[in-house]
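Novice: got a sequence here, can you build the structure:
(one chain, ligands or ions: 1)
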Amino acid sequence: MNRTDIFDLSDKVIVITGGLGQIGRQFTLELLDRGAKVAIFNRHIPDLAELKERFPIDSDSLAFFTVDIANKSSVIAGLNALVSKWGVPHVLINNAGLDTQPSAPPEVSGPFEDFPEDVWREVMEVNMTGTFFCCQIIGGAMAKLGRGSVINVGSIYGMLSPVQDIYAYKELKTGKPFVKPVAYCASKSGLYNFTRYLATYWGRKGVRVNILTPSGVRRDSQDAEFQANYCQRMPIGRMAEEDEFNGSIVFLASDASRYMTGSNLVVDGGWTAW
Ligand SMILES: NC(=O)c1ccc[n+]([C@@H]2O[C@H](COP(=O)([O-])OP(=O)(O)OC[C@H]3O[C@@H](n4cnc5c(N)ncnc54)[C@H](O)[C@@H]3O)[C@@H](O)[C@H]2O)c1
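Specialist: I've put the predicted structure just below:
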């Protein structure tokens with residue numbers, strides 16, 4: 001008996017914003033492996049040598065577009081260029097985001113009361129407004145055709161407040177308090193109801209909208225204290241590897257999730273289960 005592969009993504013056109021970053025690169029490689037055509041929308045596209053290093057593959061199914069998602073005309077130009085190449089996309093992954101790392105300078109990681117307005121605005125512009133523009137323009141084009149899957153990328157810090165104790169070691173080391181900043185958390189939390197809003201708005205137009213919630217990914221640049229504190233709080237006992245959200249992206253992008261919209265898929269090693 002011939003069974004259809006419900007995870008099939010062959011020849012699907014997928015836009016992924018921030019596809020050059022840590023998680024986005026892994027999404028891209030996985031989706032290409034499954035026969036999708038992947039269009040990376042990134043604010044900066046490096047030169048060919050660096051691209052080859054990041055994507056050591058020779059594929060006509062991978063294309064790069066210089067797009068600043070926080071700029072509406074840039075998103076429109078990116079979509080127009082993509083449509084002339086491959087047509088209107090089937091899937092939009094709103095993955096680009098700005099975060100503040102534990103290595104952030106004191107002016108953006110100090111007390112909430114001193115958090116700079118320009119940084120607040122910049123993070124909101126990318127994480128919230130950028131996702132809004134991509135949904136409006138790219139999601140809107142998909143809705144006109146009556147099909148599509150939009151996947152927003154949230155964060156455990158958009159669902160829950162950060163556990164500030166994890167970062168307290170930094171004050172002992174540097175003498176300056178470190179507070180995981182507010183802008184990232186507030187901007188990510190907005191995406192949850194934005195997702196539900198659009199899921200109901202496009203519910204009968206064939207466009208599904210869901211959100212994926214990852215927890216922290218291990219990076220070589222993180223210091224040992226941060227990793228140890230984070231892992232101690234994490235039920236599964238370790239941070240995520242950068243490819244551990246790929247299964248969820250394939251699921252949300254494909255027909256395997258065809259009855260799912262307005263949902264939050266949490267892949268967090270148990271962080272939100274306490
Ligand atoms: N890495 C983690 O630990 C983690 C945990 C939870 C959630 N997330 C979320 O997952 C997503 C990917 O995270 P990551 O760690 O891979 O990020 P990253 O910082 O490695 O990459 C982000 C990418 O987005 C691009 N970008 C930034 N601003 C942009 C703009 N205005 N227009 C277009 N592109 C822009 C950057 O150039 C970069 O390529 C983000 O939304 C992040 O908030 C990450």
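
Novice: contacts and neighbour counts: CA atoms only from here.
Specialist: Will do.

Novice: run through who's touching the strand ranked longest in the chain.
Specialist: Criterion DSSP state E: the longest strand present in the chain is strand 207-214. For strand 207-214, the external contacting residues (CA atoms under 8 Å, 6 or more residues apart in numbering) are 139, 142-143, 146-156, 191-192, 195-196, 198-199, 202, 245, 248-249, 252, 258, 260-268.

Novice: who in the stretch 101-250 of the chain is up against the ligand?
Specialist: By the rule CA under 6 Å from any ligand atom, the part of the stretch 101-250 of the chain lying against the ligand is 126, 153-155, 214-217.

Novice: helices of the protein, residue ranges please.
Specialist: 22-33, 48-54, 72-86, 106-109, 117-124, 131-134, 140-145, 156-159, 169-174, 182-201, 224-233, 246-253 (DSSP state H).

Novice: OK, contacts around the residue of the stretch 151-274 of the chain found nearest the ligand?
Specialist: Using CA to the nearest ligand atom, the closest approach of the stretch 151-274 of the chain to the ligand is made by Gly216 at 3.4 Å. By CA under 8 Å, 6+ apart, Gly216 lies in contact with 239-240, 268.

Novice: show the contacting residues for the residue nearest to the spatial centre of the chain.
Specialist: The centroid of the chain falls nearest to Asn95 when counting by CA atoms, centre = their mean (2.3 Å). Neighbour list for Asn95: 16-19, 24, 152-153 [criterion: CA under 8 Å, 6+ apart].

Novice: before we move on, what about Ser103?
Specialist: Per CA under 8 Å, 6+ apart, neighbours of Ser103: Gln222.

Novice: where does the protein have low pLDDT?
Specialist: Counting by pLDDT under 70, the chain contains low-confidence ranges at 1-2, 102.

Novice: repeat the analysis, applying 90 as the threshold.
Specialist: Across the chain, residues meeting the criterion (pLDDT under 90) sit at 1-4, 56-58, 100-110, 170-178.

Novice: the closest residue to Thr131 other than its chain neighbours and the ligand: what is the separation?
Specialist: In space, and not counting its chain neighbours, Thr131 is closest to Asn94: 6.1 Å by CA to CA, 6 or more residues apart in numbering. Separation of Asn94 from the ligand (CA to the nearest ligand atom, to the nearest Å) stands at 7 Å.

Novice: I'd say Asn94 and Ile16 touch.
Specialist: Yes: counting by CA atoms under 8 Å, Asn94 touches Ile16, with 6.3 Å between them.

Novice: neighbour count for these two, which is higher?
Specialist: Asn94 (27 against 24; other CA atoms under 10 Å).

Novice: that one: what's it in contact with?
Specialist: Contacts of Asn94 (CA under 8 Å, 6+ apart): 16-18, 131, 134, 150-153.

Novice: what pairs with it across the strands?
Specialist: Per DSSP bridges, the residues bridged to Asn94 are Asn152.

Novice: coming back round to it: out of the contacts of Asn95, who's nearest Asn42?
Specialist: Lowest distance from Asn42 to those (CA to CA) belongs to Gly18, with 5.0 Å.

Novice: quick one: residues contacting the closest one.
Specialist: Contact analysis of Gly18 by CA under 8 Å, 6+ apart lists 24, 40-43, 94-97.
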